[in-house]
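>>> Predicted model, plus sequence, below.
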Amino acid sequence: EPEVTQTPSHQVTQMGQEVILRCVPISNHLYFYWYRQILGQKVEFLVSFYNNEISEKSEIFDDQFSVERPDGSNFTLKIRSTKLEDSAMYFCATAPYNEQFFGPGTRLTVL
Amino acid sequence: QKEVEQDPGPLSVPEGAIVSLNCTYSNSAFQYFMWYRQYSRKGPELLMYTYSSGNKEDGRFTAQVDKSSKYISLFIRDSQPSDSATYLCASSIQGAQKLVFGQGTRLTINP
């Protein structure tokens, strides 16, 4: 059964550094999302992406964040100048339309 | 007021019991309702997806939506120790739009 994959599984970075989180969507899916989950808290929406552009973004998704689909297969989330409070699990989700399927997540630790 | 509310538990039941998990929501515009299962430090796994009010059954799982009372339920019959996980409800207004998650209910099935 096709799955969403994410790399790396765990990323440790120093405050102020840039990180890129990668996702490989399920092949026939058209809608892509990033969510995050701070330890012990709810899963929170960050951004949705369709037809090579952002379709919706949350208040969290400020100028520090960007997304792109650089090669038509990978879907990436870039976080510039990381902060301590960016430490969380970051989940990629993809959908053919309504049903969103989540990847295993990348645990980001900012020191 | 939180958009989707869910009792975080923990909920502990004996193997074989019927489990009832519930969420309430405040946004009457929500039309799509999903239940996810999340094992510790893993990505959410889609269990059930329903549109508008009504029931949907899939094996041991039944999802119910009552839009008049803004109440979402998931029933698990013949519960198994492998069902032990955190269960997340989520809603969206339109298909392919962002999901708004509840806090999650931590469930333990005791052998």
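Nice, thanks for sending it over.
>>> C-alpha only now, for contacts and for neighbours.
Noted.
>>> What residues does chain A have near chain B?
Residues of chain A found near chain B (CA under 8 Å from any CA of the partner chain) are A:31, A:33, A:41-45, A:47-48, A:56, A:91, A:95, A:97-105.
>>> again, only using 7 Å
Contact residues, chain A versus chain B (CA under 7 Å from any CA of the partner chain): A:31, A:41-43, A:45, A:91, A:97-98, A:101-105.
>>> separation between A:Ser58 and A:Ile26?
24 Å (CA to CA, to the nearest Å).
>>> Between the two, which is the more surrounded one?
A:Ile26 (21 against 13; other CA atoms under 10 Å in any protein chain shown).
>>> For that one, grab phi and psi.
According to degrees, to the nearest 10, the main-chain angles of A:Ile26 amount to phi -70, psi 140.
>>> ok, which pair from the residues of chain A next to chain B is furthest apart?
Spatial extent of these (CA to CA) is set by the pair A:Gln41 and A:Tyr97 at 26.5 Å.
>>> Please enumerate the strands of chain A.
For chain A, the strands defined by DSSP state E cover A:5-7, A:10-13, A:19-24, A:31-37, A:43-50, A:53-57, A:65-68, A:75-79, A:88-95, A:101-102, A:106-110.
>>> Nearest to B:Ala90, out of those strands?
Short answer: strand A:43-50, nearest of those by CA to CA, at 9.5 Å.
>>> ok and the closest one relative to strand A:53-57, angle-wise?
Calculated by axes from the mean of the first three to the mean of the last three CA atoms, to 10 degrees, strand A:43-50 forms an angle of 150 degrees with strand A:53-57.
>>> quick one: which of the residues of chain A next to chain B is nearest to B:Gly104?
A:Lys42 (7.3 Å).
>>> Which among the residues of chain A next to chain B count as buried?
A:31, A:43, A:45, A:91, A:98, A:101-105 (16 or more other CA atoms under 10 Å in any protein chain shown).
>>> Dump the residues you listed to a markdown table, plus pLDDT.
Output for these, formatted as a markdown table (pLDDT from 0 to 100):
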| residue | pLDDT |
| --- | --- |
| A:Tyr31 | 94 |
| A:Val43 | 96 |
| A:Phe45 | 97 |
| A:Phe91 | 98 |
| A:Asn98 | 86 |
| A:Phe101 | 96 |
| A:Phe102 | 97 |
| A:Gly103 | 97 |
| A:Pro104 | 97 |
| A:Gly105 | 97 |
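>>> Next to chain A, which bits of chain B? Give me the list.
Residues of chain B found near chain A (CA under 7 Å from any CA) are B:42-46, B:95-96, B:98-99, B:101-103.
>>> which ones among the residues you listed are found in strands?
Taking DSSP E as the definition of strands, the residues of chain B next to chain A contribute B:45-46, B:101.
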